[in-house]
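Participant: Prediction below, plus the sequence it came from.
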Amino acid sequence: MEYRHLISFSVLAEELHFGISAQKLNITQPALSQYIKGMEGELKIQLFKRTNRKVTLTDEGRQLLGPVRLLIKNYKNVKDIARSLQVGEHGILRLGYVGSSITDPVLSVLIQGYKKEYGNVKLMLEEHNVCDQIALLLDNLLDVAVVRMPISQHEHLKYCTISTCPLIAVLPEDHRLAQNITIPLAALSSDPFFIQQDPPGVGLGWSTLEACFQAGFTPQGVKLTQDVSTAIGMVSMGMGVTLVPKTQSSVKIPNVTYCQLEGESTLTTLSLVWSSRTKNKLVFDFINFVKEIMCV
């Protein structure tokens, strides 16, 4: 199976239209059809259902889409590495991160400082959820990961805390408690909650649930979201409330209010994670640089 088959499948799965997909790929529509048929023939499964009016993914196609996109990303990574070596860079460091970490100033300081200190290393940033990052680390498809704790401890991983901050509540602007600077978390027990879609015991999703349990209630009407920005967006539409790291309040979204929580702060922690089996000098240099900056 060639790269052209993979990219054709990925684009068609996104557009679900042969004409638009062919134009996006800069190939003819018959060529696109041949690529898809060739891929289906090689795999011996049908990837798309085709009618005169629409194109849809089959169940098999939906299940293959994620792995295919990962293959495409890895293919591009190989080309990027080769390109960086051509221009004299001293390798690539693949750094994964969770979306909620982007607003944390500590991460910005570390990345900017590292780029100045190690200008000949190309730093590639990839956003993934916590579980995907761990899997990619163990498969040697990431070098270092920035994850939001807690996560399951693994014998082949090492950990280093880089940032800790309180969780705060995000309320619609017209919420009954929106005028309060500080609120008790238990006061939100009757509100619909938007919570990060993390597995049990993992990440921001579990930190939110644990905070609610400690406040004496189980959140009602829970809706799971893929990322923090989506949760805040739903709050801005008056659909419920959510908890986010305090650093997220630097992002100004219309129609939302950020409120601190009363009592002992409920904390959320960002950690660097890397494989204990790595032999990559760039990983050791990065971790040592971080530890020096953080005085760990």
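Facilitator: Structure received. These numbers come from a predicted model, not from an experiment. Numbers count the residues shown, from 1 in each chain.

Participant: how about the helices of the stretch 101-250 of the chain, start to end?
Facilitator: Assigned by DSSP state H, counting those that start in this stretch, the helices in the stretch 101-250 of the chain fall at 105-117, 130-138, 203-214, 228-236.

Participant: Including distance to Leu243, could these go into JSON lines?
Facilitator: In this view, the C-beta of every residue, glycine as well, is placed from N, C-alpha and C. Putting these into JSON lines (distance: least, Cβ to Cβ, whole Å) gives the following:
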{"stretch": "helix 105-117", "distance to Leu243": "20"}
{"stretch": "helix 130-138", "distance to Leu243": "16"}
{"stretch": "helix 203-214", "distance to Leu243": "5"}
{"stretch": "helix 228-236", "distance to Leu243": "9"}
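
Participant: of all these, which lies closest to Gln34?
Facilitator: Nearest to Gln34 among the helices of the stretch 101-250 of the chain is helix 130-138 (32.7 Å), distances taken as Cβ to Cβ.

Participant: how far off helix 203-214 does that closest one point, in degrees?
Facilitator: Counting by axes from the mean of the first three to the mean of the last three Cα atoms, to 10 degrees, helix 130-138 lies at 140 degrees to helix 203-214.

Participant: Looking at the closest residue in space to Met1 that isn't next to it in sequence now. What's its pLDDT?
Facilitator: Leaving aside its chain neighbours, Met1 sits nearest to Glu42 (5.8 Å; criterion: Cβ to Cβ, 6 or more residues apart in numbering). Glu42 carries a pLDDT value of 92.

Participant: Glu42 belongs to a helix?
Facilitator: Yes - looking at Glu42 with DSSP: H, G, I helix; E, B strand; the rest coil, it is inside a helix.

Participant: Roughly how far does it sit from Leu6?
Facilitator: 11 Å (Cβ to Cβ, to the nearest Å).

Participant: First-to-last residue distance for stretch 172-185?
Facilitator: From its first residue to its last, stretch 172-185 covers 15 Å (Cα to Cα, to the nearest Å).

Participant: any idea of the mean pLDDT in it?
Facilitator: For stretch 172-185, the mean per-residue pLDDT is 95.

Participant: Tell me how far that stretch lies from the chain's centre.
Facilitator: The chain centroid and the centroid of stretch 172-185 are separated by 29 Å under Cα atoms, centre = their mean, to the nearest Å.

Participant: which parts of that stretch are buried?
Facilitator: 172, 175, 177-178, 180, 183, 185 (16 or more other Cβ atoms under 10 Å).

Participant: could you redo these as a markdown table and give each row distance to His156?
Facilitator: Listed next are those as a markdown table, based on distance: Cβ to Cβ, whole Å:
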| residue | distance to His156 |
| --- | --- |
| Pro172 | 44 |
| His175 | 45 |
| Leu177 | 45 |
| Ala178 | 46 |
| Asn180 | 46 |
| Ile183 | 42 |
| Leu185 | 36 |
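
Participant: So which of those is the closest to Cys131?
Facilitator: Among the buried residues of stretch 172-185, and counting by Cβ to Cβ, the member closest to Cys131 is Leu185, at 26.3 Å.

Participant: Tell me the spacing between that closest one and Gly203.
Facilitator: Distance from Leu185 to Gly203, by Cβ to Cβ: 19 Å.

Participant: Which helix runs longest in the protein?
Facilitator: The helix spanning the most residues in the chain, taking DSSP state H as the definition, is helix 59-86.

Participant: counting contacts, what elements does it pack onto?
Facilitator: helix 3-15, strand 92-97, strand 122-127 (3 or more Cβ pairs under 8 Å, 6 or more residues apart in numbering; DSSP states H and E).

Participant: What lies in contact with the first one?
Facilitator: It stands for helix 3-15. 18, 21, 24-25, 27, 32, 35-36, 38-39, 42, 47-48, 55, 57, 61, 64-65, 68-69, 71-72, 75 (Cβ atoms under 8 Å, 6 or more residues apart in numbering).

Participant: Return the members of these classed as buried.
Facilitator: Among the contacts of helix 3-15, those buried by neighbour count (16+ other Cβ under 10 Å) are 18, 21, 25, 32, 35-36, 39, 47-48, 55, 57, 61, 64-65, 68-69, 72.

Participant: Low-confidence ranges, the stretch 151-296 of the chain, go.
Facilitator: For the stretch 151-296 of the chain, the stretches with pLDDT under 70 are 264-265, 296.

Participant: Please consider this matter closed, and thank you.
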